[in-house]
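1. build the 3D model from these lines:
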Amino acid sequence: MKVEQIYTGCLAQGAYYIESDGEAAIIDPLRETSPYILKAESNKTKIKYIFETHFHADFVSGHLDLAKKTGAKIVYGPQAETSYPKHLATDGEVFKLGKVTITVLHTPGHTPESTTYLLKDEAGEPYAIFSGDTLFIGDVGRPDLAQKKGHLTAEDLAGWLYDSLRNKIMPLPDHVIVYPAHGAGSACGKSMSKETWDTLGNQKQNNYALRADMTKPEFIEAVTDGLLPPPTYFSANAKLNKMGYESIDTVMKRGAQALTPDAFEKAANETPALLLDVRGKETFAKGFIPNAIFIGLKGSFAPWVGALIPDLKQPILLITNVGEEEEAVKRLARVGYDNVVGHLAGGFDAWVAAEKEVDVIETIDVETFTTRYKEDEQLLDVRKPGEYDAAHVTTAQSFPLDFINEKMSEVKTDTPYFLHCRSGYRSTIAASILRSRGFDNLVNIQGKFDDIAASPIPTVTAACSLGGK
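-> Here you go, the predicted structure:
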């Protein structure tokens, strides 16, 4: 028996490859199919099953393309209604994979169809659970993401989750390994660990949601308290996973179209395409194509694309570092953005060489900011509300990037603004969006908030007001 976690850091997502005696199963695959197919081929193994733990909201699964290319059977747990053929498993159903078995444990709560898969080894002993978004390391799945179904509330689903954990998962032996669908950084939970697996026994001791003496009302209050609104793309991704989508091969071929600077400029001027610059934040700051939006590949790229580009069908023109075009198209497709219509051939250097118009946003380091900033000037803190509440510059306005489209009316185009975040990535995104909307008086701070907090600039923490530290 072989079990491999295939973890994708930019999505904080874990897919799984299970192999036994010439047969393999994939659990919660990403959109691109080649890693799983190549792995099976290299091991001379046939992919027999594709198990889905639920309708994922934060990425588009590769189950459909993988099934078409391998003949593998797609398996969902109870209550999973789809528009494509699949095996709708019953609670307790057992699937044979080589010399091991996989048992269906229906564990509703994160969503009604959420299912955990129990792997038993060659001796028939429980070995691991693949818990999807039911149980994370240090947390459990948020109960407010399910597609509207009747009059279910987050509290209803949280109650189901409590029962699922205590009736299906906690009775399992402590040595069982917990393999979740996500780790720290995912929006599918509140306080996930950076660890990507653990034993169930350790989780019973350390995961607040598995506390033995916790009552159902206490559990419901704990898992529903402090939930931020889900990213806007979540419902669209869940629908794609439920109803189907275009082949990844078609999406990649369309996005591979290379456009000369003249052709790129014409497409930008004559179509409703969004110009998306995915280079590094430092590179972007030195110059970019007017009206381009920055969301760098070397950050939480896909989640920020999903949070900030409301229409998954939006045509997109890409500006990348040379050689990163395919990677950018693939990462966009992972979250359902399938309409990349081309990229700038030769990258931004080709644009400059063609003597096309270039825009810049003034960017400074923290040391320069501390010498220039005065208390009567406007400062936008684009971190999350919780980060702002924990500590912020006394005069800063909370302007979280997550909700920039909704909060745009709170800022004025004729007012100068400084912007900052924790490291400069989010503030660069925010500055690019504001500049594209006509905000010209912007100064972006590339640097750590910790350095701002350690400077003489007055800051406020959750406990007190400080005049520099």
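
2. where does the stretch 1-150 of the chain have low pLDDT?
-> Residues of the stretch 1-150 of the chain that meet the criterion pLDDT under 70 lie in 147-150.

3. what ranges does it have for its strands?
-> Taking DSSP state E, counting those that start in this stretch, the strands of the stretch 1-150 of the chain run over residues 2-8, 13-20, 23-27, 46-51, 73-76, 87-88, 94-97, 100-106, 115-120, 126-132.

4. and of those, who's closest to V251?
-> Between V251 and the strands of the stretch 1-150 of the chain, the shortest gap by CB to CB is with strand 2-8, which sits at 17.5 Å. Where you see a C-beta, it was placed from the backbone N, CA and C, and this is true even at glycine.

5. and the residue nearest to D121 when sequence neighbours are not counted, how far is that from V305?
-> Nearest non-adjacent residue to D121, counting by CB to CB, 6 or more residues apart in numbering: Y127, 4.5 Å away. To V305, Y127 is 37 Å away according to CB to CB, to the nearest Å.

6. more neighbours: which of these two?
-> With neighbours defined as other CB atoms under 10 Å, Y127 and V305 compare such that V305 has more, 24 against 19.

7. quick one: contacts for the more buried one?
-> V305 makes contacts with Y233, L276, I295, R331, L332, V335, Y337, as judged by CB atoms under 8 Å, 6 or more residues apart in numbering.

8. can you do 7 Å?
-> Going by CB atoms under 7 Å, 6 or more residues apart in numbering, V305 touches I295, L332, V335, Y337.

9. surely the second one is in contact with H343?
-> Think L332. No - at 11.2 Å, L332 and H343 do not qualify as touching, with contact defined as CB atoms under 7 Å.

10. can you list the buried residues in stretch 337-348?
-> Y337, D338, N339, V340, G342, H343, L344, A345, G346, G347, F348 (16 or more other CB atoms under 10 Å).

11. now these as a markdown table including distance to Y417 and pLDDT?
-> Shown next, in a markdown table, are the buried residues of stretch 337-348 (distance: CB to CB, whole Å; pLDDT from 0 to 100):
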| residue | distance to Y417 | pLDDT |
| --- | --- | --- |
| Y337 | 29 | 97 |
| D338 | 35 | 97 |
| N339 | 32 | 97 |
| V340 | 31 | 98 |
| G342 | 33 | 97 |
| H343 | 31 | 98 |
| L344 | 29 | 98 |
| A345 | 35 | 98 |
| G346 | 34 | 98 |
| G347 | 29 | 97 |
| F348 | 25 | 98 |
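
12. quick one: which of the residues you listed sit in strands?
-> If you go by DSSP state E, these have V340, G342, H343, L344 in strands.

13. give the contact list for the third one.
-> Applying CB under 7 Å, 6+ apart to H343 gives the contacts A258, L259, L318, T320, E325.

14. could you do G424 as well?
-> Taking CB under 7 Å, 6+ apart, we find G424 in contact with K281, I445, Q446, G447.

15. could you report the pLDDT at the last one?
-> Which is G447. G447 is assigned 92 on the pLDDT scale.

16. same check, this time on the first one
-> Taken from the predicted model, the pLDDT recorded for K281 is 95.

17. distance of it from Q446?
-> Counting by CB to CB, the gap from K281 to Q446 is 7 Å.

18. from the contacts of V305, which is closest to T199?
-> Nearest member of the contacts of V305 to T199, counting by CB to CB, is V335, at 31.5 Å.

19. is it true that the closest one touches T232?
-> No - contact criterion CB under 7 Å: V335 and T232 do not qualify, at 11.3 Å.

20. tell me which of the two has more neighbours.
-> V335 (27 against 18).

21. follow-up on the earlier one: so of the contacts of G424, which ones are in strands?
-> Those of those lying in strands (DSSP E): I445.

22. related to what we said a few turns ago, show me how to select, in PyMOL, the buried members of the contacts of H343.
-> Of those, the buried ones go into a single PyMOL selection, burial set by 16+ other CB under 10 Å:
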select buried, resi 259+318+320+325
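
23. in a markdown table: the contacts of H343, plus secondary structure.
-> Below are those laid out as a markdown table (DSSP: H, G, I helix; E, B strand; the rest coil):
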| residue | secondary structure |
| --- | --- |
| A258 | strand |
| L259 | strand |
| L318 | strand |
| T320 | coil |
| E325 | helix |
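
24. could the contacts of H343 be laid out in JSON lines, adding distance to E93 and pLDDT?
-> Formatted as JSON lines, those follow (distance: CB to CB, whole Å; pLDDT from 0 to 100):
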{"residue": "A258", "distance to E93": "49", "pLDDT": "98"}
{"residue": "L259", "distance to E93": "51", "pLDDT": "98"}
{"residue": "L318", "distance to E93": "44", "pLDDT": "98"}
{"residue": "T320", "distance to E93": "45", "pLDDT": "98"}
{"residue": "E325", "distance to E93": "44", "pLDDT": "97"}
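
25. report the contact partners of the residue lying closest to D198 once chain neighbours are set aside.
-> Among residues not flanking D198 along the chain, I137 sits closest, at 5.0 Å (CB to CB, 6+ apart). Contacts for I137 (CB under 7 Å, 6+ apart) come out as V178, P180, G183, M192, S193, E195, T196, W197, D198, Q203.

26. how much space between I137 and L165?
-> Separation of I137 from L165 (CB to CB): 14 Å.
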